[in-house]
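Engineer: Could you work out the structure for the sequence below:
(2 chains)
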Amino acid sequence: MIKRYIKPVLIVMILLWSTVSSAQERFPRPEFQTDYIYPEHQLPLHRSQIWEYIDVGVLVAALLLTSWLAIKKRSRKGLIWMSVFSLAYFGFFREGCVCPVGSVQNVALALFNGSYTIPLTVLLFFLIPLIFALLFGRVFCAGVCPLGAIQELTGFKPVKLPRPVESIMAAVPFIYLALAILFAAMESQFIICKYDPFVGIFRLDGKYTMIVFGALLLLAGIFINRPYCRYLCPYGVLLNIFSRFAGKHLTITPAECINCRLCEEDACPYDAILPSNFDQTQEDPSRSRKRFIRYFMLIPLFAVAGGVILYNSAPALSSVHRDVRLAREIRAENESGIEAVSKAASAFKESGQTEEELYSKEQLLIERFKKATVWAGFFLGLSLGISLFAMTIRNTRTEYKPHQGKCFSCGRCFRYCPVEAKIKNEKA
Amino acid sequence: MKEGKNIYETRRDFVRKFGKVLAVIPVAGLPVLLSRKTVAKGYVWQIDPYKCIACGQCKTSCILTPSASKCVHEYALCGYCDLCGGYLKEGAKSIGTGAELQMCPVGAITRKFVEEPFFEYSINEDLCDGCAKCVKGCKDFGNGSLYMQIKQDLCANCNDCSIARNCPAQAVSRVSSDQQYIEKERPV
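Structural biologist: Numbering: from 1, shown residues only, chains lettered A, B, ... in the order given. As a prediction, the model looks like this:
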């Protein structure tokens, strides 16, 4: 009975001993007597680099076509087909990465990290939609972005949200953008990609939570159109700002607005139509001027407050970095005896790094976070201040026109305009 | 009255123009700023086999099912042992090809007799799900000729690789698309 076990036990003992004695090459290479040839293992390459450049070409072509459809041709149908194409190409065929939305993080990483160099195609994917926003408004959202397209095509029953909800939710993308840039610059995480709701759907494969989040957004999007674009999309913030200065922008009416108010009610599910208001009563100018100055003074106050608040939350925010998390876990084990059970902790113990090295790395990271969070807070405070200040400016409009920042150039409002219908009839 | 309105409009025009210039600056400035940090080549994700601790996180972390990371076999490193730490389960009662003896839960490793006393082990990639059990065995008890690599023809090349995010040993990083695999060095 014992004899049966001696052999395996001996072998295991020899093996264990050899583990200690040498790391690699425990067993010598065999010397084959027969003419045995070592097989080659197959290491197939990724799809060719040329595809990335083809993607950039398709992006430019799609943007040009969408701009023409939105501004010149004024065809909602054309824009819908454009969305179908973009969803098929950039979504299901190309499977999502790198998209301009996520490229924000690559740019931030390249700007603030010494070693990362950004691939040219990613930089182009970031810049080209912004250039088009400066020229023609948010045409990227209208028919090129696959995330926008999938929501545009599933928004069947638009419902308008109350104004206060809309304005409060509109602040979320700013916070998302600030955090995404912060975490990317700190080499911690790419949160835009991590929480991308639709990429799992494009790949027909992905994390359970990712697919559920995407499906829920699409379900909500049936009524609240484009929920991701309006209340989350961080790239939308940049497009929003750039589009306000667009050279040419989509218009509701093809000719002169006749102030018929037909587009006022439910033409735009995004609340992006600015009504004509020339007939409203003028306010006392000295009062409005006082308010103007008061809110203008508030802008730097908000900016400084934002910087201070985020500076103080730097230690908490820094825990998104894996090294900081690991250092805290190891410290908790040493100080309060909570055993570090994570795989990262066991890998750290195996690696032979000292705890001092880890702690000093943690300190360095927190210092870096402190420097960066000030700017993130400054940006957030500044945007809040400016958007409050903007409310004090009263514009006099003699026509209905789209809010250039909010308008996705989707063309839903075209068919509400009687001038449009009249011109079409005359042509026919 | 009319004149006053005109002044108002030019001021607004001025703000618009100023804003436009302000918006153009970053668009024009970024390529200049990043001119030295831009490369024509892209990146792919790869596992550094020397850092990998064969914990098996790749199997569950990858957004693809099955994972794009799979075991590869560097034959030139292999000892062709009869008693293989990567092929046989710990505590296997005997040496053989029985399913109950195999380490691989999906039976992706084939064992083939070459000559006395050598056996060739090869990985069937279609079956391999990247659990890294064999890699762990080969690392602990053998030459380490079995190791994990991300198969680039399968990889979706996410901007943020979720294997890299979850890898406890920080073994996954971006590598240039010229050199898409980090192969273990072969003995001369």
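Engineer: So what's the residue count around the closest residue to residue A:96 other than its chain neighbours?
Structural biologist: Closest residue to residue A:96 apart from its sequence neighbours, by C-beta to C-beta, 6 or more residues apart in numbering or on different chains: residue A:199 at 4.2 Å. Quick note: C-beta positions are derived from backbone N, CA and C, even for glycine. Each residue near residue A:199 was counted by other C-beta atoms under 10 Å in any protein chain shown, and the total is 25.
Engineer: and the helix-or-strand element of chain B with minimal mean pLDDT, how far from the chain's centre?
Structural biologist: Lowest on mean pLDDT, DSSP states H and E among the helices and strands of chain B sits helix B:2-33, with a mean of 76. Relative to the centre of its chain, helix B:2-33 is centred 47 Å away, using C-alpha atoms, centre = their mean, to the nearest Å.
Engineer: Now do the buried residues in it.
Structural biologist: B:20, B:23, B:27, B:30 (16 or more other C-beta atoms under 10 Å in any protein chain shown).
Engineer: And for stretch B:41-52?
Structural biologist: In terms of neighbour count (16+ other C-beta under 10 Å), stretch B:41-52 has its buried residues at B:42, B:43, B:44, B:45, B:46, B:47, B:48, B:49, B:52.
Engineer: out of the residues you listed, which touch chain A?
Structural biologist: B:42, B:43, B:44 (C-beta under 8 Å from any C-beta of the partner chain).
Engineer: Looking at the residues you listed, which are in helices?
Structural biologist: Among those, no member falls in helices (criterion: DSSP state H).
Engineer: Which one of the buried residues of helix B:2-33 is nearest to chain A?
Structural biologist: Distance to chain A across the buried residues of helix B:2-33 (C-beta to the nearest C-beta) is lowest for residue B:20, with 4.2 Å.
Engineer: thinking that closest one is in contact with residue A:243, fair?
Structural biologist: No. Using C-beta atoms under 8 Å, residue B:20 is not in contact with residue A:243; the gap is 11.4 Å.
Engineer: shared neighbours, those two?
Structural biologist: Common neighbours of residue B:20 and residue A:243, using C-beta atoms under 8 Å, 6 or more residues apart in numbering or on different chains, are residue A:134.
Engineer: Tell me which residue of chain B lies closest to chain A.
Structural biologist: Closest approach between chain B and chain A, counting by C-beta to the nearest C-beta: residue B:79, at 3.0 Å.
Engineer: Might you report the residue contacts of the closest residue to that residue other than its chain neighbours?
Structural biologist: Once flanking residues are discounted, residue B:79 sits nearest to residue A:27: 3.0 Å by C-beta to C-beta, 6+ apart. Contact analysis of residue A:27 by C-beta under 8 Å, 6+ apart lists B:79, B:81, B:142, B:143.
Engineer: Name the SS class of residue A:27, please.
Structural biologist: Under DSSP: H, G, I helix; E, B strand; the rest coil, residue A:27 falls in the coil class.
Engineer: and it, what pLDDT?
Structural biologist: Predicted confidence (pLDDT) for residue A:27: 85.
Engineer: And the one 3 residues further on, by the same measure?
Structural biologist: Here, the pLDDT recorded for residue A:30 equals 85.
Engineer: ok, now how distant is it from residue B:80?
Structural biologist: From residue A:30 across to residue B:80, the span is 5 Å (C-beta to C-beta, to the nearest Å).
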